[in-house]
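Novice: Quick one, structure for this:
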Amino acid sequence: MGLFNFFSKEKKAKLDQGLEKTKTSLLSRIGKALAGRSTVDDDFLDELEEILVSSDVGINTTLKIIERIQDRVSRDKYLGEAELNTLLREEITALLPEPEAHLSQDFNLPEVKRPYVIMVVGVNGVGKTTTIGKMAYQYKQKGYKVVLGAADTFRAAAVDQLKIWGTRVGVPVIEKGMNADPAAVAFEAVKEAIDQNADVCIIDTAGRLHNKVNLMNELSKIKRVMQKLTDGVPHEVLLVLDASTGQNAFEQAKQFTAATEVNALALTKLDGTAKGGVVIGVSEQFKTPVRYIGVGEAMEDLQVFNKHEFIDSLFSN
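Specialist: Got it, this is the predicted structure:
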């Protein structure tokens, strides 16, 4: 596997399986567009643009890809579909932002003052709480001590759901029930993590509608309150997006990145959609690295994102 040998065969197989719907659609349509062509001409580039846009890569990112392809084709002799496939992989990979240097390619925590605090944001229904549960499982499997904070206090079901995940994974959940002050819950969760010498504290926040400015302001309050306990938190503000929603994910990313300092993305439900191109578009457009991707229902099916492996899987038969 060369560059990608840090991925286990099992994880690689799960990634391939999770992207199957997207890659089948993408590769088959590119193959049909190339059929009978000996050169990459304007007609093909028009077709490629339509294919990428309809795969939810997004118009802005698609135009950048087309421009890079045009530049490469003008310099490198084009020989066939295999060469174009390689060219696409290289140019799309180059567009995607790298994760912060201190973040590893696995569920290993960086060398920062403990606890490592992750605040998770996103609208209802994207798989936010489930993602938190899977993260807690993965970190615990690495031997880390984990504390969860149930700061989504606007829905009783959200607190209960996180408590179920806490029981399932075997990690404590700090909660004050429905209608409690979310910032107070976050404060108590971080305090408990400090008192217990925990390694990581993950804070669930309300599934706020991205067009409700007053609710978004609550996110800033949560951050300010946590910082009374320890400097530099949260280390990650993780925005969870549902890949199957396509263009809605772009709008949510636009609103959340404007409202709070999102520095990582998680894309869920990739296994159930042909719209996996949204991973490329959202990450490139908002210059925010994808941190995690969900490629299945099991707790092991949340993977730390690696752009090289993702693009390799997407464009391999």
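
Novice: okay but residue 149 is in contact with residue 201, surely?
Specialist: Yes: the criterion here is CB atoms under 8 Å, and residue 149 meets it with residue 201 at 6.5 Å. C-betas here are computed from N, CA, C, even on glycine.

Novice: what is in contact with these two at once?
Specialist: With contacts taken as CB atoms under 8 Å, 6 or more residues apart in numbering, the residues that reach both residue 149 and residue 201 are 189-190.

Novice: Mind checking which of these two has more residues around it?
Specialist: Taking other CB atoms under 10 Å, residue 149 and residue 201 do not tie; residue 149 has more neighbours (33 against 30).

Novice: In three-state terms, label the spatially closest residue to the more buried one that is not a sequence neighbour for me.
Specialist: Leaving out its chain neighbours, the residue that sits closest to residue 149 by CB to CB, 6 or more residues apart in numbering is residue 189, at 2.7 Å. Here residue 189 is recorded as helix under DSSP: H, G, I helix; E, B strand; the rest coil.

Novice: need the contact list for residue 189.
Specialist: Residue 189 is in contact with 147-151, 174, 201, 203, counting by CB under 8 Å, 6+ apart.

Novice: Relative to residue 294, how far out is it?
Specialist: Applying CB to CB, to the nearest Å, the value for residue 189 to residue 294 is 23 Å.

Novice: Also residue 136?
Specialist: Note on residue 136: its distance to residue 294, by CB to CB, is 14 Å.

Novice: cool, and residue 195?
Specialist: Distance from residue 195 to residue 294, by CB to CB: 32 Å.

Novice: Which one of the two is surrounded by more residues?
Specialist: When residue 195 is set against residue 294 and neighbours are counted by other CB under 10 Å, the residue ahead is residue 294, at 24 against 9.

Novice: about what we covered before: any idea which of the contacts of residue 189 is the one closest to residue 181?
Specialist: Relative to residue 181, the closest of the contacts of residue 189 is residue 151; by CB to CB it sits at 8.9 Å.

Novice: Residue 223 - how many residues pack around it?
Specialist: The tally of other residues near residue 223 (other CB under 10 Å) stands at 19.

Novice: That one contacts residue 259, doesn't it?
Specialist: No: here residue 223 lies out of contact with residue 259, judged by CB under 8 Å, at a distance of 11.3 Å.

Novice: so residue 191 makes contact with residue 229?
Specialist: Yes: at 5.9 Å, residue 191 counts as touching residue 229 under the criterion of CB under 8 Å.

Novice: a strand runs through residue 120, doesn't it?
Specialist: Yes: according to three-state DSSP, residue 120 belongs to a strand.

Novice: That one: neighbour count?
Specialist: Residue neighbour count, defined by other CB under 10 Å, stands at 25 for residue 120.

Novice: Ok, residue 317 next?
Specialist: Using other CB under 10 Å, residue 317 has 7 other residues around it.
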